[in-house]
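Enquirer: Build me a model:
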Amino acid sequence: MTIRDVVFVYQMKSREELQWHGRYHRHGSQEYEVHYFIQGNGNFLNGDTNYGIKPGSLFLTSPAVYHSIIANDIDHPVSYYALLFYADPPEEARELLLSHIDTGRVYNIGTNYRFFFEELKEKGMSDHILLKKSAEYQFLSFLYQLSDGLQQFNYGSKSNHHIEKALRILQTSVMGNLTLGDLAEKLELTESYLVRLFKQKMSMTPMRYYRKLKIEAASSMLINTEQPVYAISQKLQFYSEFHFSKCFKQFTGLSPTAYRKNYFQILGQG
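Expert: Residues are numbered from 1 along each chain as shown. You can find the predicted model right below:
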């Protein structure tokens, strides 16, 4: 099994974003995709079946099956993780998918999987072979648990619980202006302990992760909408357009304008 892509999509609100993420598409031979919804209302069209989306619902789409996210309620915007992976017929994961996992249903696993999918995203998209392999084994273990009737997930560790809660707060505050002090207060932790714990679990500080979330949201807006750079900067509550551009280049290596020029996608294609 090979993890090919893991993304976090934050709050689809604009018409352009709804169109792009709601496009009716399929993936190639031996490619499966998992959608894990953590926020919002809508529907997920998986093959011939239309399922209701609610926080904590997970869907698995088989190769060559058309699927689409239908999220027209801007008052309850959809946020989700999507993981695309490749599984050859002889592989253990492939046999598991064919024999024990039903791709024609919704799995309601609860909303406590942010930390898990964040780990998969960071490791699975890493340039380090061993980290990528680690993510693939973690995901294979998850599939085994899913096949065994996995319901609500509990890491069992108090520190993991803190990280899970921190991720929820940070992800739902992307359009806000959360400070380290605000986050520590909500978690009832000291700032120094929070930074140390978050860095241990996520390999970065909470505020760097928060900026990374904002840049990911900005990237989506740049690609999927025609909003001007200054408007995106204001919406994400950067100090100024200059500050936004500086932070954006630190994370992506490109200015917002160059990023849009290089990666702009025509809605309805891809």
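Enquirer: Now do the SS call for the residue nearest to the spatial centre of the chain.
Expert: Central residue of the chain (CA atoms, centre = their mean): Phe8, 1.8 Å from the mean position. Using DSSP: H, G, I helix; E, B strand; the rest coil, the structure places Phe8 in strand.
Enquirer: Spatially nearest residue to it (excluding sequence neighbours)?
Expert: Counting by CB to CB, 6 or more residues apart in numbering, Phe8 lies nearest to Tyr81, which is 5.4 Å off, once chain neighbours are set aside. C-beta here means a position set from N, CA and C on the backbone, and glycine is covered the same way.
Enquirer: Kindly report the same for Tyr86.
Expert: Leaving aside its sequence neighbours, Tyr86 sits nearest to Thr2 (CB to CB, 6+ apart; 4.6 Å).
Enquirer: Surely that neighbour is in contact with Leu84?
Expert: No: contact criterion CB atoms under 8 Å: Thr2 and Leu84 do not qualify, at 9.7 Å.
Enquirer: what helix or strand is the residue nearest to Phe8 on?
Expert: strand 78-86 (DSSP states H and E).
Enquirer: list the helices and strands the helix or strand just after that strand packs on?
Expert: Sequence-wise, the next helix or strand downstream of strand 78-86 (DSSP H and E) is helix 92-100. Counting contacts by 3 or more CB pairs under 8 Å, 6 or more residues apart in numbering; DSSP states H and E, helix 92-100 is packed against helix 129-147.
Enquirer: can you dump the C-alpha coordinates of the helix it packs on into CSV?
Expert: In CSV, the C-alpha atoms belonging to helix 129-147 read as follows (Å, rounded to 0.1, in the frame of the first residue of the first chain):
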residue,chain,number,x,y,z
ILE,A,129,11.0,6.9,3.3
LEU,A,130,10.8,5.5,6.9
LEU,A,131,8.3,8.1,8.0
LYS,A,132,6.2,7.4,4.9
LYS,A,133,6.3,3.7,5.7
SER,A,134,5.4,4.4,9.3
ALA,A,135,2.3,6.3,8.1
GLU,A,136,1.3,3.4,5.8
TYR,A,137,1.5,0.9,8.6
GLN,A,138,-0.5,3.2,10.9
PHE,A,139,-3.2,3.5,8.2
LEU,A,140,-3.2,-0.2,7.6
SER,A,141,-3.8,-0.7,11.4
PHE,A,142,-6.7,1.8,11.2
LEU,A,143,-8.3,-0.2,8.3
TYR,A,144,-8.1,-3.4,10.4
GLN,A,145,-9.8,-1.6,13.3
LEU,A,146,-12.4,-0.3,10.9
SER,A,147,-13.1,-3.8,9.6
